[in-house]
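K.L.:
Provide a 3D model corresponding to the input given below.
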Amino acid sequence: MNIFGLLLLILLALMLCFAVAAVLMRNLVKAALCLAGSSACLAVILCFLVAPWAAIFELSVCSGLITVVTISAISLTTPYSKDEENELIKKRRARYVALPFILLIVGVVAGYALLNGQTGLMPTMSNASTFASFKEVLWQLRQVDILGQIIMLLAGVFAVVVLFKERDEA
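P.N.:
Modelled structure (predicted):
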């Protein structure tokens, strides 16, 4: 493995650590800052992968603007009391049971994509020039990207529904 690959793995691990810390932090401001750190690591990774426009967008919008908006929203809300927070945590603990199943599904889909003839997850732009239309590039060359985006979108929607759905006590 060359130095580029090692640096990329270190950045990916750091991004993952920031993302996990953002989810596990109890202080919302610190969680927002961890999310910004994860986004900044992704921006550096995108720079290394020769995607400067995506890196600039990621750094300015996701690391900067989203963090500022999130911290502003946090400052405008009133926190729960300790009793309310403990009751809410007890209600939500049972919802975390689905996490291993989600990880299993994501692992199976990713394994299928890797073993189903995908030679590389990051095709180069020289490969894209051989296709005639946008449709062919999107659905043939960038299949894994589209699949990953769909999985992330569905996982995000599922997480919001599971974590923030209020149940009727009646």
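K.L.:
and the next helix or strand past the helix or strand containing Ile89?
P.N.:
Assigned by DSSP states H and E, Ile89 belongs to helix 82-93. Scanning forward in sequence from helix 82-93 by DSSP H and E, the next helix or strand is helix 99-115.
K.L.:
that next one - contacts with which helices or strands?
P.N.:
Secondary-structure packing of helix 99-115 (3 or more C-beta pairs under 8 Å, 6 or more residues apart in numbering; DSSP states H and E): helix 143-164. C-beta: built from backbone N, CA, C; applies to glycine.
K.L.:
how close does Phe101 get to Tyr112?
P.N.:
17 Å (C-beta to C-beta, to the nearest Å).
K.L.:
ok, now Leu153?
P.N.:
With C-beta to C-beta as the criterion, Leu153 and Tyr112 are 18 Å apart.
K.L.:
show the backbone phi and psi for Arg26.
P.N.:
phi -90, psi -30 (degrees, to the nearest 10).
K.L.:
read off the pLDDT value for it.
P.N.:
pLDDT, Arg26: 81.
K.L.:
how close does it get to Cys34?
P.N.:
12 Å.
K.L.:
what about Thr78, helix or strand, and which?
P.N.:
Judged by DSSP H and E, Thr78 forms part of no helix or strand.
K.L.:
please renumber so the chain begins at 4
P.N.:
Renumbered: residue one is now 4, and that last one reads Thr81.
K.L.:
give me the number of neighbouring residues for it.
P.N.:
Thr81 has 5 neighbours, counted by other C-beta atoms under 10 Å.
K.L.:
please apply the same query to Leu36.
P.N.:
18.
K.L.:
which strands or helices does the strand or helix carrying Ile77 pack on?
P.N.:
Here Ile77 sits within helix 69-79, counting by DSSP H and E. Identification of packing neighbours for helix 69-79 by 3+ C-beta pairs under 8 Å, 6+ apart yields helix 31-51.
K.L.:
how far away from the center of its chain is the next helix or strand after the helix it packs on?
P.N.:
Sequence order places helix 55-60 as the next helix or strand after helix 31-51, per DSSP H and E. On the basis of C-alpha atoms, centre = their mean, to the nearest Å, helix 55-60 sits 17 Å off its chain's mean C-alpha point.
K.L.:
ditto for stretch 108-115
P.N.:
Mean-position distance between stretch 108-115 and its chain equals 16 Å (C-alpha atoms, centre = their mean).
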